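J.: sequence first, then the predicted structure:
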Amino acid sequence: MKIVINKCWGGFGLSAVGEEEILRRGGATSDSWEIERTDPILVEMVEEDSSLYSGSSSRLHVVEIPDGVEWFIHDYDGQEHVAEKHRTWA
């Protein structure tokens, strides 16, 4: 499974060109907060040219994980990584 994350401080987002392109390719929305990170159109765009489609405060990157893994995106000041879900107690 491929997942798009942000790899710099600031936060996930598409550039204006990226927002237009995802709509042109048949994406459901141009609102970065509503785009599924596994969306095949988004993944394809980031693999083609991350610098063109990344927003002004983002550096988008595709992470590939094994199918069937329960995952979530961990965010620290906008910089993200994918982690496997597990139980924790405090």
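T.: Arrived safely, thanks for sending.
J.: quick one: Arg37 from Trp89, how far?
T.: 28 Å (Cβ to Cβ, to the nearest Å). Where you see a C-beta, it was placed from the backbone N, CA and C, and this is true even at glycine.
J.: so which of these two has more stuff around it?
T.: Arg37 (19 against 3; other Cβ atoms under 10 Å).
J.: residues touching the more buried one, list them.
T.: For Arg37, the contact set (Cβ atoms under 8 Å, 6 or more residues apart in numbering) comprises 3-5, 73.
J.: same check, this time on Val63
T.: Val63 makes contact with 2-5, 81-82, according to Cβ under 8 Å, 6+ apart.
J.: walk me through which strands the host helix or strand of it pairs with, and which way each runs.
T.: Here Val63 is covered by strand 60-64, with elements defined by DSSP states H and E. Strand 60-64 sits in its sheet next to strand 2-6 (antiparallel), going by DSSP bridges.
J.: quick one: the partner strand to chain centroid distance?
T.: Chain-centre distance of strand 2-6: 4 Å, with Cα atoms, centre = their mean, to the nearest Å.
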